[in-house]
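Trainee: sharing a model prediction with you, sequence too.
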Amino acid sequence: MKARFPDRAKLRAQVWNAMDNNPGTRMPAFGKYQALSEAEIDAIVDYLYTL
């Protein structure tokens, strides 16, 4: 993931609302629709950076 998203903020934005970069995506906008908290999104980004 670090190679694909070297800027951590861009990865977080992707998790927050993937529709901003790809309007046709099926990935839900976890942050925009408050499906996940800020802390949960940060934890996901931390995990994704380990992959």
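Mentor: Looks like it arrived, so ask away.
Trainee: so which residues of this protein form helices?
Mentor: 8-16, 38-48 (DSSP state H).
Trainee: list the buried ones in the first one?
Mentor: By 16 or more other CB atoms under 10 Å, the buried positions in helix 8-16 come out as 11-16. Glycine gets a C-beta too; all of them are placed from N, C-alpha and C.
Trainee: equivalent analysis for the last one, please.
Mentor: By neighbour count, with 16+ other CB under 10 Å as the criterion, the buried positions of helix 38-48 are 41, 45, 48.
Trainee: gap between the residue most central in space within the chain and Leu48?
Mentor: In the chain, the residue lying closest to the centroid (CA atoms, centre = their mean) is Val15, at 1.5 Å. Shown here: Val15 relative to Leu48, a distance of 8 Å by CB to CB, to the nearest Å.
Trainee: same deal with Gly31?
Mentor: 14 Å.
Trainee: please apply the same query to Arg12.
Mentor: 10 Å.
Trainee: try Met19
Mentor: From Met19 across to Leu48, the span is 18 Å (CB to CB).
Trainee: quick one on the thing from earlier: distance to Met1 for the helices of the chain - can I get that in JSON lines?
Mentor: Formatted as JSON lines, the helices of the chain follow (distance: least, CB to CB, whole Å):
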{"stretch": "helix 8-16", "distance to Met1": "7"}
{"stretch": "helix 38-48", "distance to Met1": "5"}
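Trainee: as a markdown table, these with mean pLDDT would be great.
Mentor: Formatted as a markdown table, the helices of the chain follow (pLDDT from 0 to 100):
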| stretch | mean pLDDT |
| --- | --- |
| helix 8-16 | 95 |
| helix 38-48 | 96 |
